[in-house]
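**Student:** Provided below for reference: sequence and predicted model.
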Amino acid sequence: MFLHGYVPSILDGAVLTLKLAAASLAVSVALGLIGAMFKMAPSKSLRTLAELYSTVVRGVPDLVWMFLLFFGVQMLLNDLATAMGWAAPDIDPFIAGVLTLGFIFGAYMTETFRGAIMAVPKGQMEAGAAYGMGPLRIFWRITFPQMVRFALPSFTNNWLVLVKSTALVSVIGLNDVMYRADAAKSNTQEPFTVYMLVALIFLVITSVSNVLLGMLERRYSTGLKENGL
Amino acid sequence: MYKSLMVLGACALGMTAAAHSETLRFATDASYPPFSQQGPDGKMKGFDPDIAQALCSAMKVTCEVVPQDFDGIIPALQARKFDAIIASMNITEERKKVVNFSDKYYNMPSRLVAKAGSPVNDAWFKGKKIGVLRSSIQEKYARDNWVKLGAKLVSYAKAPESFLDLKAGRVDASFVDAAVGESDFIKTPAGKGYAFAGPEYNEVKYFGEGAAVAVRKTDKALLERINKALKQIRADGSYDKIQKKYFSFDIYGK
Amino acid sequence: MIDFHLILDKLPAFLGGADGQPLLSTSDGVVMTLELLGASLLLGMLLAVPLALGRVSRNRLLAGSVWLYTYVFRGTPLLVQLFIIYYGLSQFDAVRESWMWQYLQDAWFCAILAFTLNTAAYTTEIIAGQIRTTHWGEIEAARAMGMSKWLMMRRIVIPSALRRALPAYSNEVIMMMQSTAVAGLVTLADITGVARRIYSDTYMAFEPFLIAGAIYLALTFLFVWLFKRAEQRWLAYLAPRKH
């Protein structure tokens, strides 16, 4: 049998990988928007906080962050809980993985959104204010739709890097596609076939993402005059 | 938008905490056949998960067996990722400093696996690369005794990776639990031409008095229950039934 | 909470001084990370320039093959590429009996091969992108002077493209440095590999990875500063006017 019947297991792992990536994307977008807001805030301490966040997170490898956040934070929480006399909260590995990846890529998204928001002409927001729109409404109806166009190339790039980084969560014990592949390679003694299959799975995910996000980019650029170079 | 996200996050954390009623989570290495491996269906199978299930039915609780790489298994236990370790972990003085062990549930020696006919004596070790599982008793023994003979240690996160590299010639020998070496490599088609080399190693100082279940030092009540359950499955024959599934000889030892 | 004694105790291990040996004597830790990084970046750049030329060439077959290469290597994780080279290739008897085996047997060589192929793919795309956006005026001037295509490429287009690629390339270098952390997963003792070893020996999770993170951060700042100086020198003509 091809790969001794491990193919369904690997595909199951791929589904988990996708779920993980999607959930982490949501968290990273949320953190990215917050970070971008902080970076453009009038308060100097908020700006420094955001600056620190994006610099430190991008300066340390994803793998090291995973170990730090998964084991280190849990241990800190336990110490804190025992010191305070509470029962320590258990963090499910999936949630830990999502929070870790979301935290890391939130830093990259901060840069993406900051650049994109700054690219929207200030006059647009001013016009909205002149019409009497509140700040939240200005953001939703005016800034956000125009920002998406500028953010999309960098956003796509971050998403692709995120998907590929999910390959690392197997080291914190998450039962994702790489973990299944490790088990399969040990039991079938065919590491080449196993990892080629995994590579193919990732290639499919990245290709589909490219196509979908490309369509999104074209939709948000309707009516825009491209320089015909 | 942010508020709802935070509420969702708090709920998720709360749910995982609440679901901890009477399910015991055991961790196993999951890449240590025949003691533990991950089957094609993604579930844990092997001697260790089976013993865990037997212990749980004796204790009348539900069991969950989760995988964890061996080199991170004790820190993960202390980080409360699970409640007990059943991963062919031998009782050693060093480990006793950080965890408590139950009574043993088996006792097997460790052996070197190398090309058939390798003449293993003190002189053989010079310049040889020995593959070991990171954080294992075999790694400690090899580091204390063979590095000074000129051997080089290569540590792996999973034991089967050392077999893959043994076959590829990247290491000259693998130092593992005898049962694992036999069923995961020597008896498989990939292990043709390889055999045990050298003597059985079971010095108590390094290899302990056998493998046991490890729990956190604060979980004294749990330890009592596990020991009682262990005695029960030894007495009522469920241990023997499980043992016969994987081994044709007695692995409990003295 | 954080054991500072442990941190001070284990710090030499990251700088090549594990198990009581003097600092920088073994190539563990920082030394290995820098070796891996340096070798892959150098080889990657040497590969990338000709590949970038191929990528922008009119020959559809050549451009297509290079596109396929960059597409596959940028679309799959580096870890998977590393495992295919390290574990996957060793599966085949044909490989094990060939001349390549003496190199592929070594984890260090496998890691460099994987990192090189990966960084070359990204660098190729960066340089190709800059070649395509070379200012039309420069090309016109070169043609007006009677330069052949190759001379124009060699003297005008490529140096100009390399300069303009500097910001994007600096990003790539820093990302590659983060990526070298996976070398620890194929038995190499780079910064992350040393951290893992200490973690599994001492059961302390926070301290070794804290040190590792701090070292990577320091290296990142170093590289950012180096690239800033490089940009000041080679992209001076793009800087805002000072007077």
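**Tutor:** Received, thanks. If you're wondering where the values come from, they're calculated on a predicted model, not measured in any experiment. Numbers count the residues shown, from 1 in each chain, chains lettered A, B, ... in the order given.
**Student:** okay, CA-based contacts and neighbour counts for the rest of this
**Tutor:** OK.
**Student:** At which residues are the strands of chain B located?
**Tutor:** B:23-28, B:31-32, B:36-38, B:44-45, B:62-67, B:84-85, B:99-106, B:110-115, B:129-133, B:152-156, B:173-177, B:194-201, B:211-216 (DSSP state E).
**Student:** Would the fourth one count as contacting chain A?
**Tutor:** Which is strand B:44-45. No: if you take Cα under 8 Å from any Cα of the partner chain as the test, strand B:44-45 misses chain A, and the best it gets is 10.5 Å.
**Student:** which other residues reach that strand?
**Tutor:** B:30, B:35-39, B:65-67 (Cα atoms under 8 Å, 6 or more residues apart in numbering or on different chains).
**Student:** For it, give the mean pLDDT please.
**Tutor:** Average pLDDT, strand B:44-45: 85.
**Student:** Kindly report the same for the last one.
**Tutor:** Mean pLDDT, strand B:211-216: 89.
**Student:** List the residues that contact residue C:155.
**Tutor:** For residue C:155, no residue meets the contact criterion (Cα under 8 Å, 6+ apart).
**Student:** how close does it sit to chain B?
**Tutor:** As judged by Cα to the nearest Cα, to the nearest Å, residue C:155 and chain B stand 46 Å apart.
**Student:** Now distance to residue C:154 and mean neighbour count too, for the strands of chain B, in TSV please.
**Tutor:** TSV is the format used below for the strands of chain B (distance: least, Cα to Cα, whole Å; neighbours: other Cα atoms under 10 Å in any protein chain shown):
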stretch	distance to residue C:154	mean neighbour count
strand B:23-28	60	23
strand B:31-32	54	28
strand B:36-38	56	24
strand B:44-45	60	20
strand B:62-67	56	19
strand B:84-85	63	29
strand B:99-106	66	20
strand B:110-115	55	24
strand B:129-133	48	26
strand B:152-156	47	20
strand B:173-177	52	26
strand B:194-201	56	18
strand B:211-216	66	24
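**Student:** ranges for the helices of chain A?
**Tutor:** A:7-39, A:44-59, A:62-67, A:74-84, A:93-119, A:122-130, A:135-138, A:144-165, A:177-188, A:191-220 (DSSP state H).
**Student:** Now do the buried residues in the second one.
**Tutor:** Counting neighbours by 16 or more other Cα atoms under 10 Å in any protein chain shown, one finds that the buried residues in helix A:44-59 are A:46-47, A:50-51, A:53-59.
**Student:** what angle separates the helix or strand hosting residue C:215 from helix A:74-84?
**Tutor:** In the assignment (DSSP states H and E), residue C:215 maps to helix C:206-234. Using axes from the mean of the first three to the mean of the last three Cα atoms, to 10 degrees, the direction of helix C:206-234 lies 130 degrees away from that of helix A:74-84.
**Student:** what about stretch C:11-23, average pLDDT?
**Tutor:** Stretch C:11-23 comes out at a mean pLDDT of 69.
**Student:** what's the spacing between the closest residue to residue B:238 other than its chain neighbours and chain C?
**Tutor:** For residue B:238, ignoring the flanking residues on the chain, the nearest one in space by Cα to Cα, 6 or more residues apart in numbering or on different chains is residue B:54 at 7.1 Å. Computed as Cα to the nearest Cα, the residue B:54 to chain C distance reads 29 Å.
**Student:** rewinding a little: for residue C:149, find the nearest of the strands of chain B.
**Tutor:** For these, the distance to residue C:149 is smallest for strand B:152-156, at 52.4 Å, taking Cα to Cα.
**Student:** Establish whether the closest one and chain A are in contact.
**Tutor:** No: residues of strand B:152-156 are not located near chain A by Cα under 8 Å from any Cα, the shortest gap being 12.6 Å.
**Student:** mind checking how far that strand is from the chain centre?
**Tutor:** How far strand B:152-156 lies from its chain's middle: 18 Å, per Cα atoms, centre = their mean, to the nearest Å.
**Student:** hang on, the earlier thing: buried stuff in the helix holding residue C:215?
**Tutor:** In helix C:206-234, counting by 16+ other Cα under 10 Å, buried: C:206-213, C:215-217, C:219-221, C:223-224, C:227-228, C:230-231.
**Student:** can you check stretch B:34-53 too?
**Tutor:** By 16+ other Cα under 10 Å, the buried positions in stretch B:34-53 come out as B:34-40, B:42, B:44-53.
**Student:** what do you get for stretch A:115-128?
**Tutor:** The neighbour-count check on stretch A:115-128 (16+ other Cα under 10 Å) flags A:115-117, A:120, A:125, A:128 as buried.
**Student:** Where does chain A get nearest to chain C, residue-wise?
**Tutor:** Here chain A gets closest to chain C at one residue, residue A:192, 3.6 Å apart by Cα to the nearest Cα.
**Student:** Who are the contact partners of the residue nearest to that residue when sequence neighbours are not counted?
**Tutor:** Closest residue to residue A:192 apart from its sequence neighbours, by Cα to Cα, 6+ apart: residue C:88 at 3.6 Å. Residue C:88 makes contacts with A:190-193, A:195, as judged by Cα under 8 Å, 6+ apart.
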